[in-house]
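1. what's the 3D shape of this:
(2 chains)
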Amino acid sequence: MIHKAQTPQEKSIPMPITQEAQQIAIGFANEQPTQQKALQVYLNTLAVCTVNNYLRIMDIPTDLAASDSWNPVVRLAADVADLWVVGMGRLECRPVQASKLDVEGTQTPKNYLLSRFLGSQPTSNPKLNPMKCYIPPGIQDERIGYIVVQINLEQQEATVLGFSPTAAADELLISQLQPINDLLKHLESQRPLPVIPVNLSQWYKEVFEGGWQSVEALLDTQTANDALSPMAFRHSIGKSIRRAKLLNLGKQGLGATVALVVILTQRDAANLAISLQVFPQGGETYLPIGLKLSVLDESGATFFETSSGSNEHLIQTRQFGGQPGEKFCVQVSLGESSITEDFAI
Amino acid sequence: MDDLNQILRTLIAEACNHPPKSWERRQRLSEVHRLVMQSGKLWKEYTLYYNDALQEMWEFCCQNPELYDPTLKSVITWLDDYLKKRLRNFRDAKYRQQRREVTAMRTESGETTDPVATVPAHPDIQPVLEIWEKTLEWVEADPDQQLCSACFRKRCQVNCQALILRRFPPETPWPAIAAEFKLTPAEAKDLPKVYNRKCLPLLRKFAISQGYVEEKNRFSRRKSS
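-> Here you go, the predicted structure:
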């Protein structure tokens, strides 16, 4: 039933426009200096609210405040209709109009409020052609998908027409859209795979997970020596193991690259002592200011946290103990960018 | 109707077999939502808050499909019951609001006024151009020279200030901007992308500095009251 081929009619979902969405859209449109821009913002906002309402029903968290469509300055300078899906990225919610507005219609309160936008409506705007949906140029690299929403201003109803994971050109053909159900699976594929924790006990058997290299391979000799701080030897009876992994924080080369170093020391047969350090990479001498290193226990509670000030060569945790079977996770974050590594002892 | 009910029952039963937040569960609930909305069989009434009540009902029922008991009622009746409950809440809230307004009028003036006069007038539809004016002023002044020093490739005249001013309403089309600056076809193709990557972040920052948006990404799931 779910997988059979569907006609465009079958795959579309009627989504009534809520009063809440209506009020937000009118508010945003009222900030625009021209009627044409006001109509663009009004329709974009309704499309974003409609998709947001659909995702709320599907219990998929979104963040309107992080979306450009919710930013009053970006809205003025670009044709934006994005919706930030938490942990995934921007979903484009493009409006198409169902039919031309009846300007001479009865003076219901809705029409009264909308009357400001009507005069400027172009008679043959290709953007409003319901066979195709206009996609503003230049956004293609920054979207996780596209949803087309048909808006009928007379009926105060929106219809989610379908979804496309990509948009090669500056328009999408309505007939080629996938059913919105496919979006749910697509979002799932955007989610990182469940992480298998790094097994520290295996390190003593010379079994290292991918990405974990010898400290010397990543850091220069001096830094590598610094990495083996005296505290690692405290209470130690067995040998020490050090491994490092590169972490890239931030997207598209805008963030920072750092090395996370794990130092293991065997206290006795059943106890391991662990400490963590973070060093700058990518030719940097100092860590970026405000880089945070946190250690969380199995329940997700933070039991250690430190962050870098200015001119710091490294940040590190105190030494902590662990027994086989225990788990913890390490978070390295800078601003909004964060990387989590899971460990099992 | 019976066929539809059978399909809906099966979908809800299947959804309950998958853990919350799994796409398999969401896909089945999305099917329930689509089939019911397309059927037009839900309770309908013509109130201003109907669509908001409908939205709240769907959020609740799709997050709690386990509450559906097929031995008691059809799926549509189950949804209708919750929808009517939400509608009642909206109606009660509206009455409470009206009562408050009437009481307030009595207290202030010491005598009863026509309650109709207390119904809010149409919202002001005059444009609120404060943000537009401040943003335009900032882009034109470019006090830190941030905008004019962010150039497109090595062409200094094609900078963020020049581009933003052209893209502000009334939006100059990209081909016209490319022609004005005599860009090659390859450059013209790249221009909107560079605008999004270079200029929009500066505008986002300005919006934060002015307090128009919050700096921290926050998890926003507003519930209508």
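
2. where exactly do the strands run in chain B?
-> B:151-152, B:155-159 (DSSP state E).

3. Can you point out the buried residues in the longest one?
-> So that's strand B:155-159. By 16 or more other C-beta atoms under 10 Å in any protein chain shown, the buried positions in strand B:155-159 come out as B:158-159. Backbone N, C-alpha and C define where each C-beta goes, glycine included.

4. repeat for stretch B:51-69
-> Buried residues in stretch B:51-69 (16+ other C-beta under 10 Å): B:51-62, B:65, B:68.

5. Can you read off the pLDDT for the residue of the stretch 51-200 of chain A found nearest chain B?
-> Residue nearest to chain B within the stretch 51-200 of chain A (C-beta to the nearest C-beta): residue A:138, separated by 2.9 Å. Looking at residue A:138, its pLDDT stands at 86.

6. all strands in the stretch 201-345 of chain A, in order from the N-terminus.
-> Applying DSSP state E, counting those that start in this stretch to the stretch 201-345 of chain A gives strands spanning A:213-214, A:240-249, A:256-268, A:271-280, A:292-297, A:302-307, A:315-316, A:320-322, A:327-334, A:337-344.

7. Give me the spatial nearest neighbour of whichever residue of chain B sits closest to chain A, chain neighbours excluded.
-> Nearest to chain A, among the residues of chain B, is residue B:192, at 2.9 Å (C-beta to the nearest C-beta). Closest residue to residue B:192 apart from its sequence neighbours, by C-beta to C-beta, 6 or more residues apart in numbering or on different chains: residue A:138 at 2.9 Å.

8. ditto for residue A:144
-> Nearest residue to residue A:144, sequence neighbours excluded (C-beta to C-beta, 6+ apart): residue A:89, at 4.3 Å.

9. Make CSV out of the strands of the stretch 201-345 of chain A and add mean neighbour count and mean pLDDT.
-> CSV is the format used below for these (neighbours: other C-beta atoms under 10 Å in any protein chain shown; pLDDT from 0 to 100):
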stretch, mean neighbour count, mean pLDDT
strand A:213-214, 14, 84
strand A:240-249, 19, 86
strand A:256-268, 20, 86
strand A:271-280, 22, 89
strand A:292-297, 18, 90
strand A:302-307, 14, 87
strand A:315-316, 19, 90
strand A:320-322, 16, 86
strand A:327-334, 19, 90
strand A:337-344, 16, 86
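
10. domain ranges for chain B?
-> Following automatic domain parsing, one gets these domains for chain B: B:2-83, B:122-224.

11. The shortest one near chain A at all?
-> Yes: using C-beta under 8 Å from any C-beta of the partner chain, domain B:2-83 reaches chain A at B:7, B:20-21, B:23, B:26-31, B:33-34, B:37-38, B:48-52, B:54-55, B:58-59, B:62-63.

12. Endpoints of that domain, how far apart?
-> This stretch, domain B:2-83, spans 21 Å end to end (C-alpha to C-alpha, to the nearest Å).

13. In contact with residue A:181, which residues?
-> A:2, A:11, B:27, B:30-31, B:34 (C-beta atoms under 8 Å, 6 or more residues apart in numbering or on different chains).

14. Over to residue A:95?
-> By C-beta under 8 Å, 6+ apart, residue A:95 lies in contact with A:43-44, A:46-47, A:81, A:149-151.

15. show me where pLDDT drops low in chain B?
-> B:1, B:102-127, B:215-225 (pLDDT under 70).

16. Now do the helices in it.
-> For chain B, applying DSSP state H gives helices covering B:2-16, B:23-39, B:50-63, B:75-109, B:130-141, B:160-167, B:174-180, B:185-194, B:200-209.

17. Up against chain B, what does the stretch 201-345 of chain A have?
-> Counting by C-beta under 8 Å from any C-beta, the stretch 201-345 of chain A sits next to chain B at residue A:336.
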